[in-house]
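In: generate a structure from the sequence data that follows.
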Amino acid sequence: MSEHKLPVKLVDATDESLFGGKNVSLGSAIREGLPTPGGYALCVDLVNEIVKGNQLAINEVSALFDELAPAMAVRSSAVGEDSDEASFAGQHVSILNVMSVESMLLAIQQVHDSAFTPEALAYRERMKVTGEPAIAVVLQKQILSDVSGVMFTHNPVSNVSERYIEASWGLGEAIVAGLVVPDSFRISNSGDIIEQVAGEKDVELVATADGEAVEREVEGDRVTALCLSEPQLGQLHELAKKCESVYGDQIDIEWAFHQDQIYLLQCRSITI
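Out: So this is what the prediction gives:
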């Protein structure tokens with residue numbers, strides 16, 4: 001297989017025309033010292049070869065599994081995705097808690113195919129993104145988060161220059177799927193806590209040993225207890241400042257905490 005089609009470490013993904021916006025953004029975060037989980041970038045051509053069943057391509061990617069075990073996230077990184085003009089958030093699937101080589105290869109296929117659904121193609125047309133979808137893939141070590149969520153460095157609801165955070169227990173997909181009413185927080189640009197509103201977090205998504213993300217009932221006071229402490233909010237504020245220095249202002253950050261260690265999962269411009 002030609003060298004330009006081989007997987008590269010995320011830190012070495014620099015060419016958006018080959019690896020798509022998300023791979024390049026994550027690579028930039030790692031190079032800048034942001035707390036981003038490591039992984040690999042699969043270029044568009046390599047993904048296409050895997051989808052076609054090219055055994056050499058399949059073998060190259062299968063060999064990465066042990067390094068990313070026990071669990072990885074498989075995400076899209078389309079060329080033109082998460083640009084200032086068009087965020088493809090929610091248009092392409094992400095597969096979490098991938099725990100076997102077979103599941104990894106299936107997830108790559110699913111991520112690729114999700115760019116060709118009628119909904120995704122209609123979004124491309126609506127946002128005036130021309131040409132056929134060109135799908136690269138992120139293989140990233142998954143954080144088995146205790147708390148996770150999203151943070152906007154500019155409040156998209158009130159259009160105020162402040163940090164707006166939504167958070168819940170477990171994996172962040174509980175928020176995305178609407179399974180919970182998340183806690184919400186507003187923090188000033190100087191780091192002062194403006195508002196904390198407890199949600200109704202009666203379930204959490206947790207990873208199981210057999211590769212499933214399952215709902216687990218949240219018991220007792222944890223349902224309405226704030227899931228972020230003041231020190232953790234301080235860490236999120238510091239992460240926002242670091243991300244702004246790298247990516248500019250008005251950005252959307254996905255983050256997670258595992259055993260009080262903060263992680264940046266992805267970062268993109270806020271688009272309305």
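
In: ends of stretch 92-106, how far apart?
Out: 15 Å (C-alpha to C-alpha, to the nearest Å).

In: stretch 239-258 now?
Out: 15 Å.

In: what residues does it touch?
Out: Stretch 239-258 is contacted from outside by 25, 28-29, 32, 34-35, 87, 89, 143-154, 163, 172, 232, 236, 262-270, using C-beta atoms under 8 Å, 6 or more residues apart in numbering. To be clear about C-beta, it is placed using only N, CA and C from the backbone, and glycine gets the same treatment.

In: apply 7 Å and report the result again.
Out: For stretch 239-258, contacts defined as C-beta atoms under 7 Å, 6 or more residues apart in numbering pick out 28-29, 32, 34, 143-154, 163, 172, 232, 236, 262-270.

In: same check, this time on stretch 57-77
Out: Applying C-beta under 7 Å, 6+ apart, the set of residues contacting stretch 57-77 is 1, 6-7, 19-23, 39-40, 42, 46, 49-50, 92, 94-99, 101, 104-105, 107-108, 111, 114-115, 135-142, 144, 207.

In: lowest confidence element among the helices and strands of this structure?
Out: Of all helical and strand segments in the chain, the minimum by mean pLDDT, DSSP states H and E falls on helix 118-126, at a mean of 82.

In: next SSE after that helix?
Out: strand 135-141 (DSSP states H and E).

In: from the middle of its chain, how far away would the helix or strand just after that next one be?
Out: Next along the chain after strand 135-141, taking DSSP H and E as the criterion, comes strand 147-152. Distance of strand 147-152 from its chain centroid, counting by C-alpha atoms, centre = their mean, to the nearest Å, is 11 Å.

In: partner strands of strand 147-152, with direction?
Out: strand 163-169 (antiparallel), strand 251-258 (antiparallel) (DSSP bridges).

In: domain parsing of the protein, as residue ranges.
Out: What automatic domain parsing lists as the domains of the chain is 3-141, 147-269.

In: so what would you say the end-to-end distance of the last one is?
Out: Pointing back at domain 147-269 there. Note: domain 147-269 ends 23 Å apart using C-alpha to C-alpha.

In: any idea of the mean pLDDT for it?
Out: Summarised as a single mean, pLDDT over domain 147-269 is 93.

In: for stretch 18-36, same thing?
Out: Mean predicted confidence for stretch 18-36 is 95.

In: buried ones in it, by neighbour count?
Out: 18-30, 34-36 (16 or more other C-beta atoms under 10 Å).

In: now that stretch - C-alpha only, PDB.
Out: Taking C-alpha atoms only, stretch 18-36 is exported to PDB below (Å, rounded to 0.1, in the frame of the first residue of the first chain):
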ATOM      1  CA  LEU A  18      -6.500  14.300   3.100                       C
ATOM      2  CA  PHE A  19      -7.700  13.900   6.700                       C
ATOM      3  CA  GLY A  20     -10.600  16.300   7.000                       C
ATOM      4  CA  GLY A  21     -11.200  19.100   9.500                       C
ATOM      5  CA  LYS A  22     -11.800  17.100  12.600                       C
ATOM      6  CA  ASN A  23      -8.500  15.100  12.400                       C
ATOM      7  CA  VAL A  24      -6.600  18.200  11.700                       C
ATOM      8  CA  SER A  25      -8.200  20.100  14.500                       C
ATOM      9  CA  LEU A  26      -7.500  17.300  17.000                       C
ATOM     10  CA  GLY A  27      -3.900  17.000  15.700                       C
ATOM     11  CA  SER A  28      -3.500  20.800  16.300                       C
ATOM     12  CA  ALA A  29      -4.900  20.400  19.900                       C
ATOM     13  CA  ILE A  30      -2.300  17.700  20.700                       C
ATOM     14  CA  ARG A  31       0.600  19.700  19.200                       C
ATOM     15  CA  GLU A  32      -0.500  22.700  21.300                       C
ATOM     16  CA  GLY A  33      -0.500  20.600  24.500                       C
ATOM     17  CA  LEU A  34      -4.200  20.500  25.000                       C
ATOM     18  CA  PRO A  35      -5.500  17.400  27.000                       C
ATOM     19  CA  THR A  36      -6.700  15.500  24.000                       C
END
